[in-house]
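heads up, no residue letters with this:
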């Protein structure tokens with residue numbers, strides 16, 4: 001048969017050899033993240049893990065998420081080294097809101113055609129995120145969609161499974177009037193609000209290479225999402241955490257609404273909401289001409305996670321946070337509400 005007329009998988013746009021090379025590249029990275037529970041990992045059709053023996057009455061917790069349009073900033077900066085950590089963070093930080101310990105992680109990367117250098121950067125970031133979270137990278141999928149996906153573009157999704165002792169599962173100890181909301185400092189924007197950021201860059205013709213202090217704006221925007229797993233698992237041993245909100249899409253206000261019992265409302269302390277990464281969020285507020293409320297409905301505004309505790313546990317929490325070197329602010333409290341009251345107010 002003439003080679004000229006041959007239609008193969010490769011000529012159709014799918015390069016199996018590149019895919020195999022990536023699997024070989026991933027194997028040693030995955031091995032670094034491996035927990036003792038993992039029995040089979042990268043390379044097979046599926047992966048196998050046991051439940052850690054320390055759990056007596058375990059519940060399985062799962063989470064899935066993506067990175068969103070922050071990927072477009074990575075493309076503009078030609079820097080894909082942090083996006084993988086973002087992907088892991090968005091999943092494991094959701095998982096930890098239930099008090100769960102992440103056990104294993106899988107990723108899905110889809111692209112028009114595999115770009116080896118770019119994909120290696122992404123996967124290194126995923127492995128780094130898994131190491132930080134003490135979570136095994138046990139598998140995933142890299143899919144080529146030739147002529148069916150934008151050229152040179154990619155998208156990511158992550159999937160994480162964790163375990164929590166039934167008696168320790170959060171969201172069972174209901175907040176009460178007077179309980180406090182403690183915000184843990186974000187590492188920056190994390191991975192939400194980037195559709196607005198991109199529109200702002202486009203309309204205002206903002207140069208991502210312009211300096212903000214010692215870094216460029218692009219570098220600041222690509223700061224990877226902080227992973228809070230180890231710190232919160234440690235805090236749970238010292239303090240009675242009643243609930244946790246991961247501040248992602250929907251901003252601070254939207255995510256706090258998910259942890260308000262029907263008989264309570266949250267009053268936020270306005271003077272404490274923009275204390276972290278103040279210059280960055282004030283710059284965005286001014287450039288986009290947004291009100292404080294619009295900022296809080298869109299961004300984390302420096303508040304990466306919010307934990308709920310009783311007033312009586314505040315001093316104990318402060319000591320624990322100091323040992324963990326976590327910056328925090330008291331940003332609000334719960335109070336009783338009547339039918340029709342706003343669930344979140346700012347004073």
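Sure thing, it's come through. In this text, all values refer to a predicted model and were calculated from it rather than measured experimentally.

So what's the residue count around residue 142?
19 (other Cβ atoms under 10 Å). C-betas here are computed from N, CA, C, even on glycine.

who touches it in this structure?
Neighbour list for residue 142: 19, 22, 109, 110, 111, 114, 119 [criterion: Cβ atoms under 8 Å, 6 or more residues apart in numbering].

Please repeat the previous calculation with a cut-off of 6 Å.
For residue 142, the contacting residues are 22, 109, by Cβ atoms under 6 Å, 6 or more residues apart in numbering.

Number of residues surrounding residue 90?
Residue 90: 29 neighbours (other Cβ under 10 Å).

would you say it is within a helix?
Yes. When DSSP: H, G, I helix; E, B strand; the rest coil is applied, residue 90 is found to be in a helix.

pLDDT at it, what is it?
On pLDDT, residue 90 comes in at 97.

Find the least confident helix or strand in this structure, judged by mean pLDDT.
strand 38-40 (a mean of 79; mean pLDDT, DSSP states H and E).

Parallel or antiparallel, which strands does that strand pair with?
Here strand 38-40 is paired, per DSSP bridges, with strand 48-49 (antiparallel).

what does the strand it pairs with rub up against?
37, 38, 39, 40, 104.

ok, now stretch 313-321?
235, 238, 239, 240, 309, 328.

Derive a ChimeraX selection command for the buried subset of those residues.
With 16 or more other Cβ atoms under 10 Å as the criterion, this ChimeraX line picks the buried residues out of these:
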select :235,239,309,328
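
returning to what we had before: now distance to residue 279 and neighbour count too, for the contacts of strand 48-49, in CSV please.
Listed next are the contacts of strand 48-49 as CSV, based on distance: Cβ to Cβ, whole Å; neighbours: other Cβ atoms under 10 Å:
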residue, distance to residue 279, neighbour count
37, 43, 16
38, 43, 19
39, 49, 10
40, 48, 13
104, 38, 23
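
how about the nearest residue to the residue nearest to the spatial centre of the chain, chain neighbours excluded?
In the chain, the C-alpha closest to the average C-alpha coordinate belongs to residue 90, at a distance of 1.9 Å (Cα atoms, centre = their mean). Leaving aside its chain neighbours, residue 90 sits nearest to residue 65 (4.0 Å; criterion: Cβ to Cβ, 6 or more residues apart in numbering).

Then residue 129?
Once flanking residues are discounted, residue 129 sits nearest to residue 88: 2.9 Å by Cβ to Cβ, 6+ apart.

Was I right to think the one you found contacts residue 127?
No. Residue 88 lies out of contact with residue 127 (Cβ atoms under 6 Å); the separation is 8.8 Å.

Those two: which has the busier surroundings?
Between residue 88 and residue 127, residue 88 has the larger neighbour count (other Cβ under 10 Å), namely 32 against 23.

From residue 122, how far out is the more buried one?
11 Å (Cβ to Cβ, to the nearest Å).

all helices for the stretch 201-347 of the chain, in order.
With DSSP state H, counting those that start in this stretch as the criterion, the stretch 201-347 of the chain has helices at 217-221, 229-238, 251-256, 278-288, 292-298, 314-324.

Any idea which of these gets closest to residue 141?
Residue 141 sits nearest to helix 229-238 of all the helices of the stretch 201-347 of the chain, at 23.9 Å, using Cβ to Cβ.

Tell me the helices and strands packed up against the closest one.
helix 314-324 (3 or more Cβ pairs under 6 Å, 6 or more residues apart in numbering; DSSP states H and E).

List the buried residues in the helix it packs on.
For helix 314-324, the neighbour count (16+ other Cβ under 10 Å) marks 317, 320, 321, 324 as buried.

Ok, stretch 288-298 next?
In terms of neighbour count (16+ other Cβ under 10 Å), stretch 288-298 has its buried residues at 288, 290, 295, 296, 297, 298.

Nearest spatial neighbour of the first one, chain-adjacent residues omitted?
Think residue 288. Nearest to residue 288 is residue 200, by Cβ to Cβ, 6+ apart, at 5.4 Å.

That neighbour: what secondary structure?
The three-state label given to residue 200 by three-state DSSP is helix.

My understanding was that it contacts residue 290; is that so?
No. Using Cβ under 6 Å, residue 200 is not in contact with residue 290, being 10.0 Å away.

got the residue ranges for the strands in the stretch 1-150 of the chain?
38-40, 48-49, 58-66, 101-111, 136-144 (DSSP state E, counting those that start in this stretch).

hang on, the earlier thing: of the contacts of strand 48-49, closest to residue 156?
The closest of the contacts of strand 48-49, once distances to residue 156 are taken by Cβ to Cβ, is residue 104, at 17.1 Å.

Residue 136 is in contact with that closest one, correct?
Yes. In this structure, residue 104 is within contact of residue 136 by Cβ under 6 Å, at 4.4 Å.

most tightly surrounded among the strands of the stretch 1-150 of the chain?
Ranked by mean neighbour count under mean count of other Cβ atoms under 10 Å, the strands of the stretch 1-150 of the chain are led by strand 101-111, which reaches a mean of 23.

Show me what that strand is packed against.
helix 116-133, strand 136-144, strand 154-165.

quick one: contacts of whatever helix or strand comes next after the last one?
Tracing the chain past strand 154-165, the next element assigned as helix or strand by DSSP states H and E is strand 180-185. Under the contact criterion Cβ under 6 Å, 6+ apart, strand 180-185 has outside partners 276, 303-309, 311, 326-333.
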